[in-house]
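A.B. asks: Dropping the sequence and predicted coords here.
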4 protein chains.
Amino acid sequence: MNKQPKQLTAGIPDSEFIRGDVPMTKEEIRILSISKLQLTVGDCLLDVGAGTGSVSIEMARLLPESTVYAVEQKAKALDLIRLNALKFETPNIKAIEGKAPEALANLSGVNKIFIGGSGGNLKEIIDWVERNCQTGSRVVINAVTLNTLIECRQVFNEQEFSTPEIIQVSINRIEKLGNAEMFRPQSPIFIISTTRL
Amino acid sequence: MNKQPKQLTAGIPDSEFIRGDVPMTKEEIRILSISKLQLTVGDCLLDVGAGTGSVSIEMARLLPESTVYAVEQKAKALDLIRLNALKFETPNIKAIEGKAPEALANLSGVNKIFIGGSGGNLKEIIDWVERNCQTGSRVVINAVTLNTLIECRQVFNEQEFSTPEIIQVSINRIEKLGNAEMFRPQSPIFIISTTRL
Amino acid sequence: MNKQPKQLTAGIPDSEFIRGDVPMTKEEIRILSISKLQLTVGDCLLDVGAGTGSVSIEMARLLPESTVYAVEQKAKALDLIRLNALKFETPNIKAIEGKAPEALANLSGVNKIFIGGSGGNLKEIIDWVERNCQTGSRVVINAVTLNTLIECRQVFNEQEFSTPEIIQVSINRIEKLGNAEMFRPQSPIFIISTTRL
Amino acid sequence: MNKQPKQLTAGIPDSEFIRGDVPMTKEEIRILSISKLQLTVGDCLLDVGAGTGSVSIEMARLLPESTVYAVEQKAKALDLIRLNALKFETPNIKAIEGKAPEALANLSGVNKIFIGGSGGNLKEIIDWVERNCQTGSRVVINAVTLNTLIECRQVFNEQEFSTPEIIQVSINRIEKLGNAEMFRPQSPIFIISTTRL
């Protein structure tokens, strides 16, 4: 029998996550990135550079019967992932300590890959996807820096991946400060999405 | 038995919809707006100013057992809604010809309301929501113009609705023109979200 | 004989101004706002809510023979205006302590008006412009908040002012953080420009 | 005796230029780019890929005693440059037919270089600047594409040029369509500025 998730769409407010000073994928970027992964029942999910675990948790809630591997090298962030997994009741998250792609050695069957941080190993992680993930697997990358954006253009071998879709997303949040409604800009994020051919 | 949707996340590419010159909610704005509706199993959905039906279709696919009422006053757009409902196999969309709120007279049980276009009747539509929708109902509005944004600030009676969340979303799509990777801006959209108290 | 300014264009880097925690009009917004004032030889300039004096100083350098009245109600900011006027050698800035429009009582001949902050008196300031400034005078307003933007739409009487030009300016500054080139967003600013008819 | 320009700031409205289908640097980008050139009396100006001549004309008006070399390879655009130079009474513009850097062979003394289009020769143009322009010369580039942005990061030899300042500028123009005030986005432009060391 299928367990039906209570919440059918991603979009947990940022303030609900337990956070330290670990960077977090903001609500709207999370929603869009997960959508670009084109989740379906039966997927096996991987979150590289999982940070606070916010993307993992959203995916784990949308797919309660799937496993979400959350790879993270910082001990502090791993603690947050585990705390947030408890808070949001997502036992299907498996936190993995270490650095990708080394930390991915024992994984198999992964077909939806979100990369929020690559620790300088983007090319090696994409090589791992090429070798280990089946045709139709989706890869979605968040680039905060120009460097990562440029690297993304280069790593996707045209024989192995579809031409990436690239969007730049800028969000202003209108927030009250007393009576004043301020436009608060968030850092613009590039979302790069592609399919393993 | 639950019918499980094949696709668990919104995000149909714009190019897959049958379109005329009817304006369409673009992919990323659709994804974010639907997420702000916080869809759950059992919801009853309403799409006001449904245009090509793109938002209705995404919602109908996420909630195949729910009804999506797609209200639209232009005959041409209604045809597109019906064609797209056929193409995307979403028989749970009920297209309603007419103008809101008049056209909503016979609806009951609606608890998730998306307003893509109000035809100048925003206040009257929100009044209808106040009278007809239960506590916890969500309202999400897309504002393309400064006028609509300003009207949104005014229509939500603080006793009846939570303080609206307002974000401005700007998307640049990086598209190849020959070898050149151009930044193509989309019109910025304000997404206003609130809950019936 | 004309004194020729050394620098013919505005654009002093933000970091060159002496600042406390007083808000400052950022470089690019300053450049654009001053351009929208359409400065010419012989202008008489007014900077309302002058803050650190950055806009006044740019104008004073472009028009060394003109007077720039810098109105500011905060003592702390007035000190900064005077310090910056010394640093940038612009004796043609006259700092006026007080709140507009009261503080403008003795001014005459002003024909270029920049409003960086109105202290809630926007309507009264525009009324003052209507009564005291000649045909062809330019008014340029920076709006940081939605409230000010909305107020701007309302205060310009169509018989007395041209339809305002409104632009929203968003600047991302690409800054190195170690080797990473980060996109740092600045708060988006609305620049509203009009002419006294 | 100095000829004093009537207009002390750049910012000619786009609609005042004679245009065909030749791309034009939009008003606000023109204003910012010219500011980043830090114009002073005595400058010798170069506009590479001059298009309709809009940047050349603004510079020629700010510096009526200086020569502005407007290099352009398309005959159609050259005609527009000449027509606009007549319209705006800027005889100090010298239109040069050809492609940079070849077309620059006979120029000397240039110290302010604007590059609106490089025709694929950005590296060669920067090499020409390195060989021909004195210490303190300014180079300002407009990049419309990701490719040009990336190339800009690479061409500036750190021994010869200061670390470039890079900003991304996004402008929404609020325009009336009937009673509706639409947000019209302009293509975002990267402005890259550096100094010859």
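C.D. replies: Alright, I've got the coordinates.

A.B. asks: Near chain B, which residues of chain A? Just list them.
C.D. replies: Residues of chain A lying near chain B by C-beta under 8 Å from any C-beta of the partner chain: A:2, A:4, A:6-11, A:28, A:31-32, A:34-41, A:62-63, A:153, A:163, A:165-174, A:176, A:181, A:183. Heads up, the C-betas are built off the backbone N, CA and C, glycines and all.

A.B. asks: how far off helix D:146-155 does the helix or strand of chain A with the lowest mean pLDDT point, in degrees?
C.D. replies: Sorting the helices and strands of chain A by mean pLDDT, DSSP states H and E puts helix A:146-155 at the bottom, at a mean of 94. For helix A:146-155 against helix D:146-155, the angle by axes from the mean of the first three to the mean of the last three C-alpha atoms, to 10 degrees is 110 degrees.

A.B. asks: separation between A:S108 and A:L45?
C.D. replies: As for A:S108, its distance to A:L45 is 13 Å (criterion: C-beta to C-beta, to the nearest Å).

A.B. asks: just for chain A, where's the confidence low?
C.D. replies: Counting by pLDDT under 70, chain A shows low-confidence ranges at A:1-6.

A.B. asks: what residue is smack in the middle of it?
C.D. replies: By C-alpha atoms, centre = their mean, chain A has its centre lying nearest to A:F114, at 3.8 Å.

A.B. asks: for it, helix, strand, or coil?
C.D. replies: Secondary structure for A:F114, judged by DSSP: H, G, I helix; E, B strand; the rest coil, is strand.

A.B. asks: Now do the helices in chain A.
C.D. replies: Here chain A has its helices, by DSSP state H, at A:27-36, A:54-62, A:75-87, A:122-132, A:146-155.

A.B. asks: Need the ones you listed in a markdown table (columns: distance to A:P101).
C.D. replies: Listed next are the helices of chain A as a markdown table, based on distance: least, C-beta to C-beta, whole Å:
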| stretch | distance to A:P101 |
| --- | --- |
| helix A:27-36 | 20 |
| helix A:54-62 | 18 |
| helix A:75-87 | 18 |
| helix A:122-132 | 4 |
| helix A:146-155 | 13 |
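
A.B. asks: mind checking which of these is nearest D:V68?
C.D. replies: Closest to D:V68 of these, according to C-beta to C-beta: helix A:146-155, at 31.9 Å.

A.B. asks: What lies in contact with that closest one?
C.D. replies: The contact list for helix A:146-155 (C-beta atoms under 8 Å, 6 or more residues apart in numbering or on different chains) reads A:118, A:122-123, A:126, A:141, A:143, A:164, A:166, A:190, A:192, B:181, C:174, C:179-181, C:183, D:146, D:149-150, D:153.

A.B. asks: export that helix as CSV, just CAs?
C.D. replies: Below are the C-alpha coordinates for helix A:146-155, written out as CSV (Å, rounded to 0.1, in the frame of the first residue of the first chain):
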residue,chain,number,x,y,z
LEU,A,146,30.0,32.7,-11.5
ASN,A,147,32.7,30.0,-11.2
THR,A,148,30.2,27.2,-10.7
LEU,A,149,28.0,28.5,-13.5
ILE,A,150,31.0,28.4,-15.9
GLU,A,151,32.1,25.0,-14.7
CYS,A,152,28.6,23.7,-15.3
ARG,A,153,28.7,24.8,-18.9
GLN,A,154,31.9,22.7,-19.3
VAL,A,155,31.2,19.4,-17.5
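
A.B. asks: buried ones in it?
C.D. replies: Neighbour-count burial for helix A:146-155 flags A:L146, A:N147, A:T148, A:L149, A:E151, A:C152, A:V155 (criterion: 16 or more other C-beta atoms under 10 Å in any protein chain shown).

A.B. asks: Repeat that for stretch A:107-120.
C.D. replies: For stretch A:107-120, a neighbour-count test (16+ other C-beta under 10 Å) marks A:L107, A:V110, A:N111, A:K112, A:I113, A:F114, A:I115, A:G116, A:G117, A:S118 as buried.

A.B. asks: In JSON lines: the residues you listed, plus distance to B:E16.
C.D. replies: Shown next, in JSON lines, are those (distance: C-beta to C-beta, whole Å):
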{"residue": "A:L107", "distance to B:E16": "32"}
{"residue": "A:V110", "distance to B:E16": "27"}
{"residue": "A:N111", "distance to B:E16": "22"}
{"residue": "A:K112", "distance to B:E16": "20"}
{"residue": "A:I113", "distance to B:E16": "24"}
{"residue": "A:F114", "distance to B:E16": "23"}
{"residue": "A:I115", "distance to B:E16": "26"}
{"residue": "A:G116", "distance to B:E16": "28"}
{"residue": "A:G117", "distance to B:E16": "32"}
{"residue": "A:S118", "distance to B:E16": "31"}
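
A.B. asks: Thanks a lot, catch you later.
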